[in-house]
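Colleague: next come a sequence and a model predicted from it.
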Amino acid sequence: MSKWQDMMEKERICVIVPTFNNAGTIVDVLRRIGKITHNIIVVNDGCTDDTHQRILQSGVEVGLVEYAKNRGKGYALRQGFRKAIERGYEYAITIDSDGQHFPEDIPLFLEAHRQHGSTLLVGARTLNPDNMRRGSGFANKFSNFWFNLQTGLHLEDTQSGYRLYPIIRMNPRWIITSRYESELEFLVYSAWKGIEVRNIPIRVYYPPKAERVSHFRPFWDFMRITLLNIVLTTGAICYYLPLKLIRRIHK
């Protein structure tokens, strides 16, 4: 096992892999993670292809969370966090199962964790590689703007799912959404609760369009994100900003 396993055991860090119909990539992703750590939890978010069989045939020992109906990435992450806490983990690195994230970048999160402790780390992607989905750059800037408005903090990338969460300091009940928008909600509520949030640079791979598996539905997911931003902005005005002012006054 890699030199990083000892650190992950000592710091109680695991890797969570949510997956929905990624049979073509899940084995490669798990085997590459398995070269770094065996602290792996996979969440089968109601897959309807043969992802389940591929996981079992991968030869990688994982903790498996499964349920029959697809519930969305946010729900899958919450189930993964619960399983991680049950197993005694205090931090969780989340990585997508579609092959866009490089498992070999896990040590970047571990090194940053060594420096910054109980910080929520978000991988910052270079958003100009070949084959990048049209609109991704705008969507990230749009998300960054709202995050800054709602928290007063600046991040280069608020949409990347490659993260290290200090789950010991988080409460899944903070989150009211269940799909892609949950990742933004995690960031905002963490910032409101005083958890430091920062970016670290990562690599990203965008496969050619013909090979790409995406469950993002532009219209409906954008509508959900917009509604969430309305809720969060209202919360920032009525709760977070007054609380922040009170804290400054009493310092």
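Modeller: The structure has been received and is ready for your questions.

Colleague: quick check: the gap between the nearest residue in space to R179 that is not next to it in sequence and I175.
Modeller: Sequence neighbours aside, G72 is the residue nearest to R179 in space, at 3.5 Å (criterion: C-beta to C-beta, 6 or more residues apart in numbering). No exception for glycine: its C-beta is placed from N, CA and C like everyone else's. To I175, G72 is 11 Å away according to C-beta to C-beta, to the nearest Å.

Colleague: doesn't T158 make contact with N140?
Modeller: Yes. Under the contact definition of C-beta atoms under 8 Å, N140 touches T158, with a separation of 6.9 Å.

Colleague: more crowded one of these two?
Modeller: Neighbour count, other C-beta atoms under 10 Å: between N140 and T158, T158 has more, with 26 against 19.

Colleague: what residues of stretch 200-208 count as buried?
Modeller: Across stretch 200-208, burial judged by 16 or more other C-beta atoms under 10 Å covers I200, I202, V204, Y206.

Colleague: pipe these into TSV and attach distance to I249 per row.
Modeller: TSV is the format used below for the buried residues of stretch 200-208 (distance: C-beta to C-beta, whole Å):
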residue	distance to I249
I200	33
I202	39
V204	42
Y206	47
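
Colleague: remind me which residues of the stretch 51-200 of the chain are low pLDDT?
Modeller: The stretch 51-200 of the chain contains residues with pLDDT under 70 at 127-137.

Colleague: which residues in it form strands?
Modeller: Using DSSP state E, counting those that start in this stretch, the strands of the stretch 51-200 of the chain run over 63-67, 91-94, 120-124, 163-165, 197-201.

Colleague: show me what contacts the residue nearest to R179?
Modeller: With contact taken as C-beta atoms under 8 Å, 6 or more residues apart in numbering, G72 is in contact with D45, S178, R179, Y180, S182.

Colleague: now it: how far from M8?
Modeller: In terms of C-beta to C-beta, G72 sits 27 Å off from M8.

Colleague: cool, and R224?
Modeller: Going from R224 to M8 by C-beta to C-beta gives 34 Å.

Colleague: what about the two, which has more around it?
Modeller: More neighbours surround M8 than the other of R224 and M8, with 23 against 18 (other C-beta under 10 Å).

Colleague: what comes up buried for the helix or strand that contains that one?
Modeller: Here M8, judged by DSSP states H and E, is contained in helix 4-11. Judged by neighbour count using 16+ other C-beta under 10 Å, the buried positions of helix 4-11 are W4, M7, M8.
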